[in-house]
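[1] Sequence plus predicted model, see below.
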Amino acid sequence: MTIVQADVLWRPEDDYKVKPTLEEGVIYRPDILTVIDTVIDSLSGDLRELNLDIHDHPELKYEERYAHDAYTSFLEKHGFEVTRHYLLETAWVATYTHGRGGRVLGVNSEMDALPGIGHACGHNLIGISGVAVACAAKAAMEQLNIDGKVILLGTPAEEGGFGKVKLWERGAYKEMDVCLMCHPAPGPLHSISLSSCLAVIRLEIEYSGHTAHAALSPWEGKNALDAAVLAYTNIALLRQQIKPTHRVHGTIEGNDWAPSVIPDNSKMYYYIRAPTTVEAEETFKRVVPCFEAAALATGTKVKVTRGSTGNELLQNKVLGAELSDVVRKKYGVIDYEYGISGASTDFGNVSYLMPGLHPGFSIPTIPGGGNHTRAFTDSARSQAAHDATLVVSKALAHVGMRVITDDGFLHQVKDAFKGQKNDST
């Protein structure tokens, strides 16, 4: 197996139409892949139009009403049974069934954008990828008379809203045998990444103090802003003693502050990240005393509220091996370094609960223009990024169709899930 650890990221000036050197060998059911390639290529123009439409109408978490309508209308036109406002206001589901019985392939399409910078995480690309995979699977089942079902789930609020977790809790994933999706990021040309991501613990911290005139009688006050600043400093110093693979970061805000008034309130939002959920829990135990010590030193009161925990990605090893095989023989290279290895996703929670695969895929970016930058917003709109999305979609559709058509393969997938889950807890 060839594994590429490239030093050079794909830049906009690179000629991505120069094809990579591929490995020789036989793939599973080339007749299915022929259908997949043909269908996704034929849909490229329509998907490009949908891609740009979503990109030009960015919406924040749980506000994806335009995207909801755009995706559901598109899928209805392509023969899917669509349920709008599925379990959550801006979620939706599109299904197609061929024959009777058969396995069930699940796919996710994300929709939300970021405040102020739009689709700076490329969810417009993730959304059309899900559509491409579902349409390809539908065509393969129709043309080759394969029994099975595909469920495409439109998932809101990945950016901090844990939309997939809420959908899981409401039963949206219960029928799926596996679930697939992908995510764009900087990376080497033609690369698809099987890296994991970071687990994350979200915290809200509130300090309560007492106001006073900041010049006339400051000794009468208890400064909640000082508490937040001290906590911020405590954590900054703690970073020297935590592993370099861990991240602790956050913001400070408050209400009704004025230079002449000792602030009686402050609020902090913090994320703790680590390569595994177990490691994040250990760092969490060290971070909380930083907040408590700041309250003690300033005479304020502190309330630490723990929000949702996001698990790292458990990339199913059997699904990943199949993706790697078809990518290396037909489309490009596989890496284990890039993707969203330094970020987090609510699909990590899904991968803890059922077999899942969430590869990253490279798109052209400028230096300093990675995810969550305005430059990445521009990159996510490029033709090259669109074309890369279709490539990873073909590979994912191939993996999904093997799930539907190969019972022995699916058995291996489920065994791998059980083993990986046991290893992670």
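    Great, that's in hand. Residues are numbered from 1 along each chain as shown.

[2] Name the helix or strand for the residue of the chain most remote from its centre, please.
    Computed with CA atoms, centre = their mean, the residue of the chain farthest from its C-alpha average is Leu216, at 51.5 Å. Assigned by DSSP states H and E, Leu216 falls within no helix or strand.

[3] ok, now how distant is it from Val8?
    Distance of Leu216 to Val8, given as CB to CB, to the nearest Å: 61 Å. Every residue, glycine included, has its C-beta placed from N, CA and C.

[4] again with Trp257
    With the distance defined as CB to CB, Trp257 ends up 47 Å from Val8.

[5] now do Ala227
    46 Å.

[6] Ser341: neighbour count?
    When counting by other CB atoms under 10 Å, one arrives at 20 neighbours for Ser341.

[7] do the same with Met111
    32.

[8] That one contacts Leu125, correct?
    No - using CB atoms under 8 Å, Met111 is not in contact with Leu125, being 11.5 Å away.

[9] just to revisit the earlier point, which one of Ala227 and Val8 has more residues nearby?
    Per other CB under 10 Å, whichever of Ala227 and Val8 has more neighbours is Ala227, with 30 against 8.

[10] dump the residue contacts of that one.
    When contacts are counted by CB atoms under 8 Å, 6 or more residues apart in numbering, Ala227 touches Tyr207, Gly209, Ser266, Ala294, Ala295, Ala297, Thr298, Thr300, Val302.

[11] now do Asp14
    Leu189, Pro364.

[12] tell me the pLDDT at it?
    With respect to pLDDT, Asp14 has a value of 95.

[13] now swap in Thr425 and tell me
    pLDDT, read off for Thr425, is 73.

[14] And for Asn422?
    87.

[15] list the helices and strands the helix or strand where it lies packs on?
    For Asn422, the host element (DSSP H and E) is helix 407-424. The helices and strands touching helix 407-424, judged by 3 or more CB pairs under 8 Å, 6 or more residues apart in numbering; DSSP states H and E, are helix 317-326, helix 383-405.

[16] Output the last one in CSV, but only the C-alpha positions, please.
    Once side chains and other backbone atoms are set aside, the C-alpha atoms of helix 383-405 remain, and they are given as CSV (Å, rounded to 0.1, in the frame of the first residue of the first chain):
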residue,chain,number,x,y,z
GLN,A,383,-14.4,24.8,-9.7
ALA,A,384,-11.4,22.7,-8.5
ALA,A,385,-13.1,22.2,-5.1
HIS,A,386,-16.3,21.1,-6.8
ASP,A,387,-14.4,18.6,-9.0
ALA,A,388,-12.6,17.2,-5.9
THR,A,389,-15.9,16.8,-4.2
LEU,A,390,-17.2,14.7,-7.0
VAL,A,391,-14.2,12.4,-6.9
VAL,A,392,-14.5,11.6,-3.2
SER,A,393,-18.3,11.2,-3.7
LYS,A,394,-17.6,8.5,-6.3
ALA,A,395,-15.3,6.7,-3.9
LEU,A,396,-17.9,6.9,-1.1
ALA,A,397,-20.7,5.7,-3.4
HIS,A,398,-18.5,2.7,-4.3
VAL,A,399,-18.0,1.9,-0.6
GLY,A,400,-21.7,2.3,0.1
MET,A,401,-22.7,0.0,-2.7
ARG,A,402,-20.4,-2.7,-1.4
VAL,A,403,-22.2,-2.4,1.9
ILE,A,404,-25.5,-3.0,0.1
THR,A,405,-24.3,-5.9,-2.1
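
[17] For that helix, list every residue counted as buried.
    384-386, 388-405 (16 or more other CB atoms under 10 Å).

[18] And the contacts of stretch 388-397?
    By CB under 8 Å, 6+ apart, stretch 388-397 touches 16, 33, 36-37, 40-41, 44, 47, 51, 107, 125, 128-129, 132-133, 136-137, 140, 180-182, 184, 190, 192, 323, 326-327, 330-332, 357, 359, 361-363.

[19] Can you say which of these are buried?
    Buried, going by 16+ other CB under 10 Å: 16, 33, 36-37, 40, 44, 47, 51, 107, 125, 128-129, 132-133, 136-137, 140, 180-182, 184, 190, 192, 323, 326-327, 330-332, 357, 359, 361-363, out of the contacts of stretch 388-397.

[20] Run through the strands of the protein in chain order.
    81-83, 92-98, 104-110, 148-155, 178-180, 183-185, 191-193, 199-208, 247-253, 265-274, 301-310, 333-335, 356-357, 360-362 (DSSP state E).

[21] right, so of the ones you listed, which gets closest to Ala375?
    Judged by CB to CB, the one of these that comes nearest to Ala375 is strand 183-185, at 13.1 Å.
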